[in-house]
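Engineer: what would the 3D arrangement of this be:
(chains A, B, C and D, ligands or ions: 8)
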4 protein chains.
Amino acid sequence: MQILFVGDVVGEMGMEMVDQYLPLLKKDLKPQLTIVNGENATKVGRGINEKLFKQIMKDGADVVTLGNHAWNNADIFDFIDDTKKLIRPLNYPGKDVPGNGYCELNINGVKAAVINLQGRIFMEETDDPFAKIDELIMHLKAEKFTVIFVDMHAETTSEKKAMAMYLDGRVSAVVGTHTHVQTNDAHILKKGTAFLTDVGMTGPDDGVIGMQYEPVINKFLTSRPNRFEVETNGDGILSACLIDVDKKDGHAKKIRPIMISQYQPYQS
Amino acid sequence: MQILFVGDVVGEMGMEMVDQYLPLLKKDLKPQLTIVNGENATKVGRGINEKLFKQIMKDGADVVTLGNHAWNNADIFDFIDDTKKLIRPLNYPGKDVPGNGYCELNINGVKAAVINLQGRIFMEETDDPFAKIDELIMHLKAEKFTVIFVDMHAETTSEKKAMAMYLDGRVSAVVGTHTHVQTNDAHILKKGTAFLTDVGMTGPDDGVIGMQYEPVINKFLTSRPNRFEVETNGDGILSACLIDVDKKDGHAKKIRPIMISQYQPYQS
Amino acid sequence: MQILFVGDVVGEMGMEMVDQYLPLLKKDLKPQLTIVNGENATKVGRGINEKLFKQIMKDGADVVTLGNHAWNNADIFDFIDDTKKLIRPLNYPGKDVPGNGYCELNINGVKAAVINLQGRIFMEETDDPFAKIDELIMHLKAEKFTVIFVDMHAETTSEKKAMAMYLDGRVSAVVGTHTHVQTNDAHILKKGTAFLTDVGMTGPDDGVIGMQYEPVINKFLTSRPNRFEVETNGDGILSACLIDVDKKDGHAKKIRPIMISQYQPYQS
Amino acid sequence: MQILFVGDVVGEMGMEMVDQYLPLLKKDLKPQLTIVNGENATKVGRGINEKLFKQIMKDGADVVTLGNHAWNNADIFDFIDDTKKLIRPLNYPGKDVPGNGYCELNINGVKAAVINLQGRIFMEETDDPFAKIDELIMHLKAEKFTVIFVDMHAETTSEKKAMAMYLDGRVSAVVGTHTHVQTNDAHILKKGTAFLTDVGMTGPDDGVIGMQYEPVINKFLTSRPNRFEVETNGDGILSACLIDVDKKDGHAKKIRPIMISQYQPYQS
Ligand SMILES: [Fe+2]
Ligand SMILES: [Fe+2]
Ligand SMILES: [Fe+2]
Ligand SMILES: [Fe+2]
Ligand SMILES: [Fe+2]
Ligand SMILES: [Fe+2]
Ligand SMILES: [Fe+2]
Ligand SMILES: [Fe+2]
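Structural biologist: Ligands and ions are numbered 1, 2, ... in the order given. Below is the predicted model of the structure:
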């Protein structure tokens, strides 16, 4: 089973990249499961709304994941409980957290789950992602889920690698998001879990991780408040990866990074 | 020479406390120098504007200091360069930082300086406050300033105490701000500098360091965004301290905390 | 019922202050429950060992609490599971955390509990202290505990005040530790819980929150590693508070700070 | 002019990779300038000593850079001032910081400089890297340096990209270090500066960014202290990049990542 995962969609240019290339990628790669991280999909790069979610689904996603920006657009509260295909990090704390932290699918008879997790190092306080996913995997295994994909939304390389090794052999893939820069380390861990520290972002390529350069540099130079805006000029990038999973045991057989950019135009 | 220092004024209730009690404190204590930290003076508790600054001055302040919230109300940029009596932390980085980091005064022939500094532990990136104040003190000593007051706006007790010991004997007083809770450790250090880890805040006493409880607790419980609002109900508090400084050598002779609250009503 | 709580004992001088003054305080104040935070009791100011724990108990403590330094002296693992009177923060994460996070006592027929909690802002990642204590209080109420004391070991004033308001009316007292500086805000909250943002430390008064000044200032000046050592010269301080609790409903009737130092010698 | 840059050498296996492959890379690629980041070269993965420095030089480095671990092995103070070829981050604060923050070279008549910078986001407090490098570049340009290489040792992708854009056209290359995972974004910025968010590490490939998995996972699971040790089993990795710079104007013409690992064996 092929799983296609597209990294953090940022702003209008991110949505344009998805509109333009996700249908092509689906046609060419024929993934059975397509996942898109949409935590920065709004025009301002923070959060998502129902229209954008539906557009990503229409473009070909089966599941949309989020991250620390899940709650930044308050529209989320209006529709997240109505859909099981939009998931927020599993380990957000509190009672009755809106939405779900994972999504169950049946893909031609194969039970598959997509999980969204959030790291804690240099991030908001959340429940322990290690403890939370332990519990969930126990449940999923009992329910005979074989294919399990984890979007590990985290800042540090160490927390993402530790999570991947912790889950090695128990899930099909652990792919990081949040830093908006694709890493060059896609590989299969010893016990069969595919890993990529960060898949990278989808959106404007010429800013600073999606944002206009001027306010960001002014923030660094002055430490005074600067309103960050999504970059709207220049070229776009789409960052993704393709994972080949054995649908019988859920182990990954192959993982390869995908990048469409000004430097690497798309070739069918 | 008596120096009166009033801690972080927060929101409308903070302004009301200043309006009501600063004139009384001035009448009763007759300080030659009155300083008020106004970094949270706006209705929303972030930053200051010209009207509020003028009101604090009219109530009896000689100098108004700020802190990390200096820049949160953009009105500041309209008037900070027109007045020498409103100062922002000396060690904000960058070229042409608006406003000044200290204020020079002549009090009946005594050259006095008020300095605003900001700590770095668990705060915005700024220039080294130790290096910056070293330079400034060198300059002030060369210019024959004797009385020097430092508002050290910082999060941790260790950075504030280290700064006070670093400046011991070189300045008249180091008083902390920012945590909004008065500490119980006012004393004179070995070489003559008065020290108080934090002078505390001035404003609503029944919230969480000035803010309404509900959004704050929801933030702690959920890690989701919650719009914090200044508390407008309940009783007010005014936190301050009075420092007696020898105007000849600039050394402190005495420091005592002041608090006006529901538990300690003001007594002339 | 009178509860005496002594703040973070730091190093040899901290132990000397406890040896010298705790018996006197007990004789004069006659508390029915005496609690000491011992997280910095070792000579190096990090952690505790069995000998020191026993000494604090012999000096008059009924329960010893800890904090983020609980685990810094590995000796702790040798004896923490053998005693119910030494408690570590309730919300340390993981399976089979050594020791207990609270202690149950029967004081002349009154069921009393002492709880140690740790904050998360600017501290190690731990489980949600709000969620953890909610569960525990539910259990304690079901078991008819009336007097409940909480040592909230945390960095920020906001997290401590928020916790106190969260528990207001449900516990007898929330007293903060960790910043090593006593705050000047002891009071009873609206629904009957006594609160003090930080009780302060017990140990050397002339360093930086217990540590020698030179390495601390060098760390601030250079950001290079500096080995911190506990201050062994100068005067000592003992910081504490006394809380009067109604043993029938567990509500606090009074709280007052206690400080013994070079500036405030002990007076029986 | 070809510049070869090898990322953070970690522990014994890192040194072995350098011993084995650096001579091969030099023979095959014939770089005129070879730079190695050695901040984790000691057996314990923290700091460097004179023997290791000399060994890296003997293996073919012209300059060795460091990072936040520069000072963790105190041996550094014994020899860093004796060599101009070992540099530590330029923006370490304080007076008389040991060693230099950059290195000047003359390569067949071309004046070249190698600079080591450190970021501030989620790292130790240091002087502003933007302000520091501004000053230095002014000096270097006045002295007719054309080729300038910057090792930007930083945690976040945003600070590294912002620095690269800030320096675009003024230096030949900005290459990140510190996260120990190579990113997949090597490219030339608009005005001629080569950029790679992180070059990645050189050492054990099967741990967590160089360290043994068990203590790291235990730290994540328990938040209790765990002594981290460098991984000594499994395969090694060498992460590097090759930059082609026009020696006349100092602009980069090409940058390509290099990785030697169990998945990508070295091919001459
Ligand atoms: Fe993102
Ligand atoms: Fe994110
Ligand atoms: Fe404030
Ligand atoms: Fe502040
Ligand atoms: Fe402590
Ligand atoms: Fe502590
Ligand atoms: Fe490193
Ligand atoms: Fe590093």
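Engineer: next structured bit after the longest helix anywhere in chain A?
Structural biologist: If you go by DSSP state H, chain A has its longest helix at helix A:11-29. Counting by DSSP states H and E, the element after helix A:11-29 in chain order, helix or strand, is strand A:33-37.
Engineer: chain center to the longest helix of chain A, what's the gap?
Structural biologist: 15 Å (Cα atoms, centre = their mean, to the nearest Å).
Engineer: kindly export it (C-alpha atoms) in CSV.
Structural biologist: The C-alpha trace of helix A:11-29 is given here as CSV (Å, rounded to 0.1, in the frame of the first residue of the first chain):
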residue,chain,number,x,y,z
GLY,A,11,-1.3,30.2,3.0
GLU,A,12,-2.7,30.8,-0.4
MET,A,13,0.3,29.7,-2.2
GLY,A,14,0.3,26.5,-0.3
MET,A,15,-3.3,25.9,-1.3
GLU,A,16,-2.4,26.6,-4.9
MET,A,17,0.4,24.1,-4.8
VAL,A,18,-2.1,21.5,-3.5
ASP,A,19,-4.7,22.4,-6.0
GLN,A,20,-2.2,22.1,-8.8
TYR,A,21,0.0,19.2,-7.9
LEU,A,22,-2.0,16.9,-5.5
PRO,A,23,-4.2,15.6,-8.4
LEU,A,24,-1.1,15.0,-10.5
LEU,A,25,0.7,13.2,-7.7
LYS,A,26,-2.4,11.0,-7.1
LYS,A,27,-2.7,10.2,-10.8
ASP,A,28,1.0,9.3,-11.1
LEU,A,29,1.7,7.6,-7.8
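Engineer: just checking, what packs against that helix?
Structural biologist: Other elements packing on helix A:11-29 under the criterion 3 or more Cβ pairs under 8 Å, 6 or more residues apart in numbering or on different chains; DSSP states H and E are strand A:2-6, strand A:33-37, helix A:50-59, strand A:203-204, strand A:236-245, strand A:252-260. Quick note: C-beta positions are derived from backbone N, CA and C, even for glycine.
Engineer: out of those, which is closest to residue C:266?
Structural biologist: Closest to residue C:266 of the helices and strands packed on helix A:11-29, according to Cβ to Cβ: strand A:33-37, at 61.8 Å.
Engineer: which other helices and strands contact the host helix or strand of residue A:116?
Structural biologist: Taking DSSP H and E as the definition, one finds residue A:116 inside strand A:110-118. Under the contact criterion of 3+ Cβ pairs under 8 Å, 6+ apart, the helices and strands touching strand A:110-118 comprise strand A:33-37, strand A:63-65, strand A:86-87, strand A:102-107, helix A:129-142, strand A:147-153.
Engineer: contacts (any at all) between ligand 1 and it?
Structural biologist: No: shown here: strand A:110-118 not in contact with ligand 1 (Cβ under 5 Å from the ion), separated by at least 11.2 Å.
Engineer: send me that strand as CSV with only the CA atoms.
Structural biologist: The C-alpha trace of strand A:110-118 is given here as CSV (Å, rounded to 0.1, in the frame of the first residue of the first chain):
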residue,chain,number,x,y,z
VAL,A,110,-7.2,-3.2,5.4
LYS,A,111,-7.7,-1.4,8.7
ALA,A,112,-5.5,1.7,8.7
ALA,A,113,-5.1,4.5,11.2
VAL,A,114,-3.7,8.0,10.9
ILE,A,115,-2.5,9.6,14.1
ASN,A,116,-1.4,13.2,14.8
LEU,A,117,1.0,13.7,17.7
GLN,A,118,2.7,16.8,19.0
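Engineer: doesn't residue A:159 lie inside a helix?
Structural biologist: Yes: using DSSP: H, G, I helix; E, B strand; the rest coil, the assignment for residue A:159 is a helix.
Engineer: tell me, how many residues neighbour it?
Structural biologist: A total of 24 residues lie near residue A:159 under the criterion other Cβ atoms under 10 Å in any protein chain shown.
Engineer: contact partners for it?
Structural biologist: The contact partners of residue A:159, taken as Cβ atoms under 8 Å, 6 or more residues apart in numbering or on different chains, are A:119-121, A:152, D:220.
Engineer: the stretch 1-150 of chain A against chain C: which residues are in contact?
Structural biologist: Applying Cβ under 8 Å from any Cβ of the partner chain, we find that the stretch 1-150 of chain A lies next to chain C at A:93-94, A:120-121, A:125, A:127-128, A:131.
Engineer: from the residues you listed, pick the one nearest ligand 7.
Structural biologist: Using Cβ to the ion, residue A:121 comes nearest to ligand 7 of the residues of the stretch 1-150 of chain A next to chain C, at 15.9 Å.
Engineer: who's in contact with the closest one?
Structural biologist: Per Cβ under 8 Å, 6+ apart, neighbours of residue A:121: A:154-156, A:158-159, C:125.
Engineer: can you check residue A:204 too?
Structural biologist: A:10-11, A:13-14, A:210, A:230-237.
Engineer: mind listing what the closest residue to it other than its chain neighbours touches?
Structural biologist: Nearest residue to residue A:204 in three dimensions, chain neighbours excluded: residue A:231, at 3.7 Å (Cβ to Cβ, 6 or more residues apart in numbering or on different chains). Applying Cβ under 8 Å, 6+ apart, we find residue A:231 in contact with A:11, A:13, A:203-204, A:206-207, A:210-213.
Engineer: circling back: can you redo the contacts of residue A:159 as TSV with pLDDT?
Structural biologist: Shown next, in TSV, are the contacts of residue A:159 (pLDDT from 0 to 100):
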residue	pLDDT
A:119	98
A:120	98
A:121	98
A:152	98
D:220	97
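Engineer: neighbour-wise, which one of these leads?
Structural biologist: residue A:152 (30 neighbours).
Engineer: before we move on, back to that, mark which of the residues of the stretch 1-150 of chain A next to chain C are buried, thanks.
Structural biologist: Using 16 or more other Cβ atoms under 10 Å in any protein chain shown as the burial test, the residues of the stretch 1-150 of chain A next to chain C include A:93-94, A:120-121, A:125, A:127-128 as buried.
Engineer: could you measure residue A:44 against residue D:223, distance?
Structural biologist: 35 Å (Cβ to Cβ, to the nearest Å).
Engineer: the two: which has the busier surroundings?
Structural biologist: Legend: neighbour count by other Cβ under 10 Å for residue A:44 and residue D:223, higher for residue D:223 (24 against 16).
Engineer: residues in contact with the more buried one?
Structural biologist: C:92-94, C:124-126.
Engineer: does chain D sit close to stretch A:206-221?
Structural biologist: Yes: remark: stretch A:206-221 sits within contact range of chain D at A:206, A:208-209, A:211, A:213, A:216-217, A:220-221, by Cβ under 8 Å from any Cβ.
Engineer: contact partners of that stretch?
Structural biologist: A:8, A:10-11, A:14, A:40, A:45, A:179-181, A:201, A:203-204, A:224-231, A:233-235, B:93-95, B:125, D:128, D:130-131, D:157-159, D:161-162, D:165-166, D:190.
Engineer: and ligand 5, which of the contacts of residue A:159 contact it?
Structural biologist: Within these, nothing lies near ligand 5 by Cβ under 5 Å from the ion.
Engineer: near the residue in chain A that ligand 7 sits nearest to, how many other residues are there?
Structural biologist: Here chain A gets closest to ligand 7 at one residue, residue A:157, 10.6 Å apart by Cβ to the ion. Neighbour count of residue A:157, defined by other Cβ under 10 Å: 25.
Engineer: how about the contacts made by it?
Structural biologist: Residue A:157 touches A:183, A:197, D:179-181, D:209, counting by Cβ under 8 Å, 6+ apart.
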